[in-house]
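Trainee: Show me the folded form of this:
(one chain, ligands or ions: 2)
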Amino acid sequence: MAYFPFMIQLDDKQCLIVGGGAVAAWKAAQMCEFGACVTVVAPEICAELLAIADTERIDETAGIVENIDGNCQKKPERIRVWKREVTEADISGMDVVIMATDDAELNSQYAELCRSKHILVNVVDVKKDCDFYFPAIIKQGEVVVSVSTGGNSPMLASKIKKDIRQTLRTDYGQIADELGAIREKILAEEPDERARKRRFAAIVEAKMQEQRIRIGTRGSRLAQIQTDMVIEQLKKHYPDVRFEKVIVTTKGDKQKEAAISSFGGKAVFVEEIEEALLDGTIDLAVHSAKDMPNPCKKGLGIAGVLPRACVQDVLIYRADTDIRSKNTFTVGTGSLRRRSQIKEIYPQAECMELRGNVTTRIQKLRDGLYDAIILAAAGIERLGIEKEPDLVYEYLDVDAMLPAAGQGIIAMEACEGTLPYHMAETISDAETEGCLRAERAVVREMEAGCHEPIGVYATWKDDKTMQVRVMNARSGKVKREVWEREKEDANDLE
Ligand SMILES: C[C@@]1(CC(=O)O)c2cc3[nH]c(cc4nc(cc5[nH]c(cc(n2)[C@H]1CCC(=O)O)[C@@](C)(CC(=O)O)[C@@H]5CCC(=O)O)C(CC(=O)O)=C4CCC(=O)O)c(CCC(=O)O)c3CC(=O)O
Ligand SMILES: NC(=O)C1=CN([C@@H]2O[C@H](COP(=O)(O)OP(=O)(O)OC[C@H]3O[C@@H](n4cnc5c(N)ncnc54)[C@H](O)[C@@H]3O)[C@@H](O)[C@H]2O)C=CC1
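Mentor: Ligands and ions are numbered 1, 2, ... in the order given. Below is the predicted model of the structure:
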């Protein structure tokens, strides 16, 4: 018999997940997304689960971790991880239990116990012990599509979901929100049911016809904040247009551990987004300008930029480590540009590979994997983590630590000549655009690839001339120059 898809409110439910492997992590992520209060119990907690409870630290001695995750876009997600074996007491007070351990006997024993207490239970690897199955889900705000095959083929469920997603508009969540508010009004105003129905039909149709611009971005918190900044500016100029955020997962986001240079340079963060622009699944893309390939893919261009933020790099270390008293100290950074320059500022620095988004990097520093790390000031300031009390922030002088071309600049990319391109042009900051043009032109002239020890920083000397500082450490030695360029020299933003 097919399973009935009840849509259940989870955000007031207590959910226990027993097991800490990849399956548990996936189930936890799914339930957190729907606001559930999740408790995980397992002696071994895998990295994916730790990443979900991003801001959280395992306290080995007490065996308990609490996390109020501030890393969520809407409301705070709550997840609590207990690093130990499950006990029967854990299920008391639970509304839903998921058994995801590799111990079949334990799974079915707890399933039985839950059933005797009328707690809904799912055993991830025994269909007959499940009161409910997890469906494959597409979620857009409060619009949810779910697919089940009655447990016959989870992989088919996943495939059907992907097929549906391909043809689905991405703004139904937003439309539903807007219609929800209008519906309340009409229900209160219009006593006649048939008239109400007609009005609803007309409004749904009108909403579906409205102009919308889909803005593609990476899923990291910083990428989303930057996209929100762009949307805020666009809305000021185009109040009647609907701007939607579309998250694009890039190869760089998926391969979290390997050194960036080992799998294709920084283009890995942008490739899929550029493809989405070209195949029309998004209309505009928001990037950190310094991550962008130079030049852009054919047919695409940087249509505009937001005003530049702080361009400096920051050396960050724990307040309890006195890096200067050490003979050597380790610095986490993947960038050859930073490596060559920090060695000049601090000869005792020893650089080590460091990957991950900003929050992960800071966590690695706090966990003691490095004595210090280097991050861009613009990123930590946009995330609002530039004043953590347990950390010291040493802003490095730009002449000693020359930034990467485009550092501190948020760029909007689109297909040339399209409406979204012109919209981005309209809100672009001319001064910043001039700097980015000059910096990108210089990088092209130097024929610099994406993973090279090169820094480029342009400033306006007067309204015609630009001064471009260049740091080049290709030879193994840091060489610095200052170039002067006329504004007219600069090509269009490529
Ligand atoms: C019964 C159910 C119970 C439950 O977990 O609730 C269950 C059970 C099992 N899954 C197994 C394996 C796989 N599961 C997936 C993927 C998903 N599994 C999901 C749900 C469900 N899985 C429930 C039924 C759903 C339905 O009604 O069809 C999805 C839809 C939702 C989610 O997990 O959130 C999610 C897709 C999410 C998405 O894409 O969005 C893949 C594919 C992959 O990993 O790419 C594989 C490998 C390929 C394969 O086997 O098909 C095994 C064998 C384990 C082994 O071999 O040891 C069992 C145990 C058994 O069948 O007995
Ligand atoms: N439903 C689904 O979609 C799928 C289900 N599976 C099945 O799910 C099960 C779990 O898979 P993985 O996450 O890869 O498992 P895993 O083998 O990586 O992890 C098992 C986890 O169970 C924990 N555990 C063991 N004994 C425990 C106890 N007494 N109390 C609390 N926790 C305990 C371990 O600490 C570990 O975290 C496997 O049996 C697998 O066959 C596998 C693929 C998909």
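Trainee: can you list the residues of this structure near ligand 2?
Mentor: Counting by Cβ under 6 Å from any ligand atom, the chain comes close to ligand 2 at 18-24, 41-44, 85-86, 100-103, 106, 124-125, 154. (Glycine included, C-beta is placed from N, CA and C.)
Trainee: Filter the residues you listed down to the buried ones, PyMOL style.
Mentor: Burial among the residues of the chain next to ligand 2 is assessed by 16 or more other Cβ atoms under 10 Å; the matching PyMOL selection reads:
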select buried, resi 18+19+20+21+23+24+41+42+86+100+101+124
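Trainee: Just the ones in helices from the residues of the chain next to ligand 2, please.
Mentor: Counting by DSSP state H, those place 22-24, 106, 154 in helices.
Trainee: Go back to those residues and keep what's next to ligand 1.
Mentor: Near ligand 1, by the rule Cβ under 6 Å from any ligand atom, you find P154 out of these.
Trainee: from the ones in helices among the residues of the chain next to ligand 2, which two are the most distant?
Mentor: With Cβ to Cβ as the measure, no two of these lie farther apart than L106 and P154, at 22.1 Å.
Trainee: so where's the stretch 301-450 of the chain shaky on pLDDT?
Mentor: 450 (pLDDT under 70).
Trainee: Would you mind measuring from the residue in it positioned nearest to ligand 1 to L222?
Mentor: Nearest to ligand 1, among the residues of the stretch 301-450 of the chain, is N357, at 22.9 Å (Cβ to the nearest ligand atom). From N357 across to L222, the span is 7 Å (Cβ to Cβ, to the nearest Å).
Trainee: ok, now E431?
Mentor: Using Cβ to Cβ, E431 is found at 23 Å from L222.
Trainee: Among these two, which residue is more densely surrounded?
Mentor: The residue with more neighbours, out of E431 and L222, is L222; 19 against 14, by other Cβ atoms under 10 Å.
Trainee: Report the contact partners of that one.
Mentor: L222 makes contacts with 288, 357-358, 379, 382-383, as judged by Cβ atoms under 8 Å, 6 or more residues apart in numbering.
Trainee: What ranges does the stretch 351-494 of the chain have for its helices?
Mentor: Counting by DSSP state H, counting those that start in this stretch, the stretch 351-494 of the chain has helices at residues 358-366, 377-383, 419-427, 430-445.
Trainee: Nearest to E486, out of those?
Mentor: Using Cβ to Cβ, the helices of the stretch 351-494 of the chain put helix 430-445 closest to E486, at 9.8 Å.
Trainee: which helices and strands does that closest one pack with?
Mentor: Secondary-structure packing of helix 430-445 (3 or more Cβ pairs under 8 Å, 6 or more residues apart in numbering; DSSP states H and E): strand 300-305, strand 454-460, strand 465-472, strand 479-486.
Trainee: Please repeat the previous calculation with a cut-off of 10 Å.
Mentor: Contact here means 3 or more Cβ pairs under 10 Å, 6 or more residues apart in numbering; DSSP states H and E; on that basis helix 430-445 packs against strand 300-305, strand 410-415, strand 454-460, strand 465-472, strand 479-486.
Trainee: burial count for V121?
Mentor: When neighbours are counted by other Cβ under 10 Å, V121 registers 24.
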